[in-house]
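Asker: pasting the structure only:
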């Protein structure tokens, strides 16, 4: 199990990843993320976690790691083998209890989905972190060279950013080459593009390589009132209308990364257009433009002592205040509009929860919700049907031929927003799994189970494995800290309290 540090002299030839690395899992991986070592290098892996995972009938553990925990004195080019002994133990526990271990660089040199603390350089743009990350993966490949592929796999980088496919593929190919040069049969999982949401086409067909997606959409259900998720979102429910807009409204600097996708309303007659807001982060200015003419502009800024603002908080990290604006805003359309656009003109980001339109001469409002997905854009145009007094979604460009697949709204929502993008890869026989999915403890238990079951149904239908984010903890089946369930004791494991209903749900799939 003990390896030696490898000092790289240059690039590994591309021939490495075209070698005989062809092993792939023969059974569907079903298990959990073990998050012990993301934040604190003093935490030790618990043998009982791995033992109980197997005893409960699961076969997989994705072990999330932080490279800063095994480097010397903050120097990312120097690896301290003594600090990898605890990782050795996790691998050994997996072998002992028949749980496949997947080691994941949750924080890799030059990249982490958690933007704090900031990495000094960018893995997907700069040469140095790529060399360093390749060195670290080669070190792991050497260290665990004798561990059979049935027992151990590697997950390159957790949730890469929305970098270009070429930029990501360049990094992934290099890391794959380093690993397969040492351990040709080591199976490697590469998270998909844009936070693992869609497969990287440039990596399809590579022997010994699979890809992984995520299962957190919609985040105002899965991360309801979670500290890093969707604070003070509307009371969660499931299922959602699969064709409702999803996202939040981004200010100009964020639109540079995600693109400009205003809420667009088409074919509006004269009438009154109203908005119900969610969280506003910092001072923002909304604008409403009808056929190129600005018809309304509102400045909203959270205030601690204003009754219209609920849940006022200040972020020490970002130095911004946020709160939910409980008031409403409306605009009179005095002439018909072919297209009305709503966006954040200035500021950081904001949420609109509901849109209502009352056409002149109509007694009943036409309404639709906007579901919050932080970092996503509002991605459907809504067209008003004057005869039916309702809105219908107009698909994004390139999506006009979309055909509904599922009668069930929950399944259709997840298929439309996640699973359909994996159709081609799966049809080609590629390996794919859900590397993370979960629902935070504040979401009501019945709602959480309903969302989770739809994910599990679609994954099983496609023979995709999955890993719940946490085995033991706020997202897990043990010790989640929920207040809306009764826990069960587990004989022989006095420190574990089981969420029986969630466990039984996972076991069925």
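Answerer: Looks like it came in fine. Since we're looking at a predicted model, the values are computed, not measured. Numbers count the residues shown, from 1 in each chain.

Asker: what helices or strands is the helix or strand of the chain with the lowest mean pLDDT leaning on?
Answerer: Ranked by mean pLDDT, DSSP states H and E, the helix or strand of the chain with the weakest confidence is helix 252-258, at a mean of 80. In this structure, helix 252-258 packs against strand 337-346, with contacts taken as 3 or more C-beta pairs under 8 Å, 6 or more residues apart in numbering; DSSP states H and E. In this view, the C-beta of every residue, glycine as well, is placed from N, C-alpha and C.

Asker: quick one, phi/psi of residue 417?
Answerer: phi -90, psi -20 (degrees, to the nearest 10).

Asker: which SS class is the nearest residue to it once chain neighbours are set aside?
Answerer: Spatial nearest neighbour of residue 417, excluding adjacent residues (C-beta to C-beta, 6 or more residues apart in numbering): residue 217 at 5.4 Å. Using DSSP: H, G, I helix; E, B strand; the rest coil, the structure places residue 217 in coil.

Asker: how close does residue 217 get to residue 439?
Answerer: Between residue 217 and residue 439 the computed distance is 11 Å (C-beta to C-beta, to the nearest Å).

Asker: repeat for residue 61
Answerer: Residue 61 sits 20 Å away from residue 439, taking C-beta to C-beta as the criterion.

Asker: Looking at the two, which one has more neighbours?
Answerer: Neighbour totals were compared for residue 61 and residue 439, and residue 439 leads with 30 against 27 (other C-beta atoms under 10 Å).

Asker: what does the least confident helix or strand of the chain contact?
Answerer: 162, 250, 261, 344-346, 348-349, 375-377 (C-beta atoms under 8 Å, 6 or more residues apart in numbering).

Asker: ok, then the element right after it?
Answerer: strand 263-268 (DSSP states H and E).

Asker: Which positions in that next one come out as buried?
Answerer: For strand 263-268, a neighbour-count test (16 or more other C-beta atoms under 10 Å) marks 263-265, 267-268 as buried.

Asker: For the stretch 51-200 of the chain, which residues score under the pLDDT cut-off?
Answerer: The model of the stretch 51-200 of the chain has pLDDT under 70 over residues 115, 163.

Asker: And the strands in it?
Answerer: Using DSSP state E, counting those that start in this stretch, the strands of the stretch 51-200 of the chain run over 60-66, 71-72, 75-79, 100-108, 111-112, 152-155, 187-191.

Asker: Just to check, the residue nearest to residue 417 is in contact with residue 416?
Answerer: No: between residue 217 and residue 416 there is no contact under C-beta atoms under 8 Å: 10.1 Å.

Asker: Strand partners (parallel or antiparallel) of the helix or strand hosting residue 435?
Answerer: Element membership for residue 435, per DSSP H and E: strand 432-437. When sheet partners are counted by DSSP bridges, strand 432-437 sits next to strand 209-215 (parallel), strand 465-468 (parallel).

Asker: For that strand, give the mean pLDDT please.
Answerer: Averaged across strand 432-437, the pLDDT comes to 98.

Asker: contacting residues around that strand?
Answerer: 29, 33, 62, 104, 155, 158, 189, 191, 196, 199, 210-216, 222, 422, 425-426, 452, 455, 459, 462, 464-469.

Asker: coming back round to it: need the max-distance pair from the buried residues of strand 263-268.
Answerer: Using C-beta to C-beta, the two most remote members of the buried residues of strand 263-268 are 263 and 267, lying 14.6 Å apart.

Asker: one step back: what residues does the residue nearest to residue 417 make contact with?
Answerer: 246, 373, 414, 417-418.

Asker: Among these, show me the least confident.
Answerer: For the contacts of residue 217, the pLDDT minimum is residue 373, 81.

Asker: quick one: the residue of the chain most remote from its centre from residue 389, how far?
Answerer: Farthest-out residue of the chain from its mean C-alpha position, per C-alpha atoms, centre = their mean: residue 361, at 44.4 Å. Counting by C-beta to C-beta, the separation of residue 361 from residue 389 is 11 Å.

Asker: repeat for residue 467
Answerer: Applying C-beta to C-beta to residue 467 and residue 389 gives a distance of 45 Å.

Asker: which one of the two has more residues nearby?
Answerer: residue 467 (27 against 15).

Asker: Surely that one touches residue 63?
Answerer: No: applying C-beta under 8 Å as the test, residue 467 and residue 63 come out as separate, 10.3 Å apart.

Asker: okay, and the common contacts of these two?
Answerer: 33, 102.
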